[in-house]
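need a 3D model of the following:
(one chain, ligands or ions: 1)
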Amino acid sequence: MADLTVHVDGLTLPNPFVIGSGPPGTNANVIGKAFDEGWGGVVAKTVSLDASKVINVAPRYARLRTTESREIYGWQNIELISDRDFDLWLDEFRMLKDKYPDRILIASIMEEYNKDAWVEIVERTQETGVDAFELNFSCPHGLPERKMGAAMGQDPDILAEVCTWVNDAAKIPVWAKMTPNVTHIEDPARAALTAGCQGVAAINTILSTMGVDLETLRPEPTVEGYTVPGGYSCTAVRPIALRMVMELATMMYGGNSGQPIQPDGSIAVKGEFPDRSISAIGGVETGDDAAQFILLGGSTVQVCTGVMKHGYAMVKGMCDQLSAFMDKHGFKTVEEFRGHSLHYFTTHAELVRLQREAKEAKKAERKAKMVVEDAQWTGDKFVDQSDALSRD
Ligand SMILES: Cc1cc2nc3c(=O)[nH]c(=O)nc-3n(C[C@H](O)[C@H](O)[C@H](O)COP(=O)(O)O)c2cc1C
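Below you'll find the predicted structure:
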């Protein structure tokens, strides 16, 4: 029977499934529910020092569904970080750690570009006993107007500076949550890791416009006739998230993406941060989805929109499916297969070469079977020999 326990950055989780920051971690009540249902950890909704600056609108979600089954596969939100009072959050973090001392509670924090504010939020939050921090450098809408969220995550220099402030003040592990709204996600991640973060979390939502209403001609979701681009999540983003996690893992642990296959089978890119972690996020709804992110380097896997669709109890089915996958392949622990598939990326030129060589080998094999003189015909190989002389 597979062991789903994960040891990462000094934290121990009963399984790799973590609630991603957002509505499923919006207060102590629902976070408690997540622990009761068996989630390995919870990243709470992002908090800031002054919640009065955070003003949400409604509607703030828009969804894409398949035509026939009406299943939701794309989800856009223009929701901001938590609009709940910071002191209330501190009380709730304390209460949760009292009630669930051995469960992993991660505080997601965000502040303006101001050292005192970041140091204050780190110091006051860690006093509550939370297990780790996730730094939200990635919310793509609303907050960038205040130079927060993705506005910081898109600037490696500012990111490095803020991560240094945080890491100097933090006594617990720090993960930097990356925005996918960049060309090379490795650049801000490298800045965060160089500045001392234990890990990176990726991805946050992808900047999107859900659509335009063809009756009113107004883009969705419409708030008093107007809108802003929002963040796209759910199953539709999974392939993009897998690619970005693979790019991060290749940079951190080594891999072969974008490199020729080495004749001795070794990996071409040596990892720059082999002892740091990745918390993988984006469109995860099943144990099989999670297995893919772990194969590409994730130590933990976060789920946000999936919980909004299926509820907290989904974690049981995810654990069963991940366990079944591990049993099938003989993996005893999550660590045993983490990053396993990073070797199987290469360059397009290599794919062309491999395919040409495979075709040539097949041709040579066929040629070897062709009868060229009477004495070569044998009764045993007669069918193969006839086949080799035939035109397909
Ligand atoms: C409605 C909504 C609100 C979110 N709020 C936050 C947030 O406050 N902080 C944060 O770091 N990420 C936030 N996210 C992003 C998610 O944590 C996650 O990175 C993203 O949605 C991709 O994962 P998913 O496909 O499992 O939802 C939010 C996502 C949604 C859908």
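
spatially nearest residue to Thr286 (excluding sequence neighbours)?
Using CB to CB, 6 or more residues apart in numbering and skipping the chain neighbours, the partner closest in space to Thr286 is Gln321 (5.7 Å). For the C-beta atoms, the positions are set from N, CA and C on the backbone; glycine is no exception.

ok, that neighbour touching Asp288?
Yes - contact status for Gln321 versus Asp288: in contact at 5.7 Å, counting by CB atoms under 8 Å.

those two: which has the busier surroundings?
Gln321 (16 against 13; other CB atoms under 10 Å).

tell me which element Arg238 is part of?
helix 238-253 (DSSP states H and E).

kindly spell out which helices and strands sit in contact with that helix.
helix 186-194, strand 199-202, strand 277-281, helix 287-295 (3 or more CB pairs under 8 Å, 6 or more residues apart in numbering; DSSP states H and E).

okay if I get these as CSV plus mean pLDDT?
Listed next are these as CSV, based on pLDDT from 0 to 100:
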stretch, mean pLDDT
helix 186-194, 98
strand 199-202, 98
strand 277-281, 98
helix 287-295, 98
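
neighbours of the closest residue to Gly230 other than its chain neighbours, how many?
If the residues on either side of it in the chain are set aside, Gly230 comes closest to Ile78, at 4.0 Å by CB to CB, 6+ apart. By the criterion of other CB under 10 Å, Ile78 has 22 neighbours.

and Ile78, what does it touch?
57, 60, 141-142, 221, 223, 227-228, 230-231 (CB atoms under 8 Å, 6 or more residues apart in numbering).

those residues in strands, which ones?
Members of the contacts of Ile78 lying in strands (criterion: DSSP state E): 230-231.

out of the contacts of Ile78, the closest to the ligand would be?
Gly231 (6.1 Å; CB to the nearest ligand atom).

the residue lying closest to that closest one once chain neighbours are set aside and Pro180: what is the separation?
Closest residue in space to Gly231, ignoring its immediate chain neighbours: Thr205 at 2.6 Å, by CB to CB, 6+ apart. Distance, Thr205 to Pro180, using CB to CB, to the nearest Å: 8 Å.

who's the closest residue to Val57 other than its chain neighbours bridged to?
Take Val57 and drop its neighbours on the chain: the residue closest to it by CB to CB, 6+ apart is Val223, 4.8 Å away. The residues listed as beta-bridge partners of Val223 by DSSP bridges are Tyr226.

so Val223 sits right up against Ala62, yeah?
No - the pair Val223 / Ala62 is not scored as a contact, 11.0 Å apart, by CB under 8 Å.

ok, the two, which is more surrounded?
Comparing Val223 with Ala62 by other CB under 10 Å, the one with more neighbours is Ala62, at 21 against 14.

hang on, the earlier thing: next, the residue nearest to Thr286: phi, psi?
When read as degrees, to the nearest 10, the backbone of Gln321 gives phi -70, psi -40.

so who does it touch?
By CB under 8 Å, 6+ apart, Gln321 lies in contact with 286-288, 291.

so how far is the ligand from it?
16 Å (CB to the nearest ligand atom, to the nearest Å).

now swap in Val303 and tell me
Applying CB to the nearest ligand atom to Val303 and the ligand gives a distance of 5 Å.

just give me the neighbour total for the closest residue to Leu4 other than its chain neighbours.
Excluding the flanking residues, the one nearest Leu4 by CB to CB, 6+ apart is Asn15, at 4.1 Å. Asn15 has 23 neighbouring residues, counting by other CB under 10 Å.

ok, Asn15 touching Asp3?
No - Asn15 is beyond contact range of Asp3, at 9.6 Å (criterion: CB under 8 Å).

what is the neighbour count of the residue nearest to Gly231?
By the criterion of other CB under 10 Å, Thr205 has 28 neighbours.

which positions in this protein make contact with the ligand?
20-23, 45-46, 75, 77, 79, 81, 108, 136, 139, 177, 204-205, 233-234, 237, 281-284, 303-306 (CB under 6 Å from any ligand atom).

residue in the stretch 151-300 of the chain nearest to the ligand?
Closest point on the stretch 151-300 of the chain to the ligand, by CB to the nearest ligand atom, is Ser233, at 3.2 Å.

who touches that residue in this structure?
Going by CB under 8 Å, 6+ apart, Ser233 touches 74-77, 205-206, 282-283, 304-305.

bridging residues for it?
Trp75.

relative to Ile185, how far out is it?
Distance from Ser233 to Ile185, by CB to CB: 16 Å.

cool, Gly282 as well?
According to CB to CB, Gly282 and Ile185 sit 12 Å apart.

okay, and the common contacts of those two?
With CB under 8 Å, 6+ apart, Gly282 and Ile185 have common neighbours 202-203, 244.

am I right that Asn181 is in contact with Gln154?
Yes - if you go by CB under 8 Å, Asn181 and Gln154 touch, sitting 6.8 Å apart.

ok, Gly283 - contacts?
Per CB under 8 Å, 6+ apart, neighbours of Gly283: 233-238, 241, 289, 305-306.

nearest residue to it other than its sequence neighbours?
Per CB to CB, 6+ apart, closest to Gly283 is Arg238, 3.1 Å.

give the contact list for the residue nearest to Ala58 when sequence neighbours are not counted.
In this structure, Ala58 finds its nearest non-sequential neighbour in Val223, 7.5 Å apart by CB to CB, 6+ apart. Val223 makes contact with 57-60, 78 under the criterion CB under 8 Å, 6+ apart.

most surrounded residue in these?
Ile78 (22 neighbours).

now do it against Thr216, distance only.
Taking CB to CB, one finds Ile78 at 18 Å from Thr216.

what are the C-alpha coordinates of the helix ranked longest in the chain, in CSV please?
Looking across the chain with DSSP state H, the single longest helix is helix 348-369. Below are the C-alpha coordinates for helix 348-369, written out as CSV (Å, rounded to 0.1, in the frame of the first residue of the first chain):
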residue,chain,number,x,y,z
HIS,A,348,12.1,19.3,-31.6
ALA,A,349,15.2,18.6,-33.6
GLU,A,350,15.7,15.5,-31.3
LEU,A,351,12.2,14.3,-32.0
VAL,A,352,12.9,14.6,-35.8
ARG,A,353,16.2,12.7,-35.3
LEU,A,354,14.6,10.0,-33.2
GLN,A,355,11.8,9.5,-35.7
ARG,A,356,14.2,9.4,-38.7
GLU,A,357,16.3,6.8,-36.9
ALA,A,358,13.3,4.7,-36.0
LYS,A,359,12.1,4.7,-39.6
GLU,A,360,15.6,3.8,-40.8
ALA,A,361,15.8,0.9,-38.3
LYS,A,362,12.4,-0.4,-39.4
LYS,A,363,13.5,-0.2,-43.0
ALA,A,364,16.7,-2.0,-42.3
GLU,A,365,14.8,-4.7,-40.3
ARG,A,366,12.5,-5.2,-43.2
LYS,A,367,15.3,-5.3,-45.8
ALA,A,368,17.1,-8.0,-43.7
LYS,A,369,14.0,-10.2,-44.0
